[in-house]
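1. Quick one: sequence and predicted model below, then my questions.
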Amino acid sequence: MRRTILITLTTLLVSMILCTLSRISVHRVVNHARHLRTEAIEAMDAQEVQRAETVLVELAGFMEDRQPLLEVLCEHDDLHEIKAAIIDAQASIEFGITDDFYQAIYRFGEGLEHIADVESVRLTNFY
């Protein structure tokens, strides 16, 4: 009986640690991506197209580097959606279509918020 309780508590503790580390990892990625997204929007608002393009390249590289981790922790469709939004934003800059850039970058932001919401620790996410 004592052994069963010990194994159960150990399993619970390890599970809680893994969930906490996963949550922290996703939170860091989302926060950094939010920062880069905001920086790209501010650059476009200031009509600094070259800087906005540079920030988007940095954002795409950052998300590409974190993709293996995120694929384990997040839904594949969510990651595909935000990746497509980054590509659309980059294409919009290249073609000089500012409105499409804003639509794509805001779609990217919505995707990030969805990931942050789904991965947050809340009672509704346990079932």
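-> Nice, thanks for sending it over. Keep in mind it's a predicted model, so treat the numbers as computed, not measured.
2. Pick out the residue nearest the middle of the chain.
-> Centrality entry for the chain: nearest residue to the mean C-alpha point is Val30, 4.1 Å, by Cα atoms, centre = their mean.
3. That one and Ala104: what is the separation?
-> As judged by Cβ to Cβ, to the nearest Å, Val30 and Ala104 stand 18 Å apart. Where C-beta positions appear, they are placed from N, C-alpha and C, glycine not excepted.
4. hang on, the earlier thing: ok, and the closest non-adjacent residue to the residue nearest to the centre of the chain?
-> Nearest residue to Val30 in three dimensions, chain neighbours excluded: Ala116, at 4.7 Å (Cβ to Cβ, 6 or more residues apart in numbering).
5. cool, and Phe101?
-> Ser92 (3.9 Å).
6. can you count the residues close to the one you found?
-> Other residues lying near Ser92 total 20 when counted by other Cβ atoms under 10 Å.
7. which residues sit in contact with it?
-> Applying Cβ atoms under 8 Å, 6 or more residues apart in numbering to Ser92 gives the contacts 98-101, 103-104.
8. could I get those residues as CSV with pLDDT?
-> Shown next, in CSV, are the contacts of Ser92 (pLDDT from 0 to 100):
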residue, pLDDT
Thr98, 91
Asp99, 92
Asp100, 93
Phe101, 94
Gln103, 95
Ala104, 95
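9. Which one (most neighbours) among these?
-> Most crowded among those, counting by other Cβ under 10 Å, is Phe101 at 25 neighbours.
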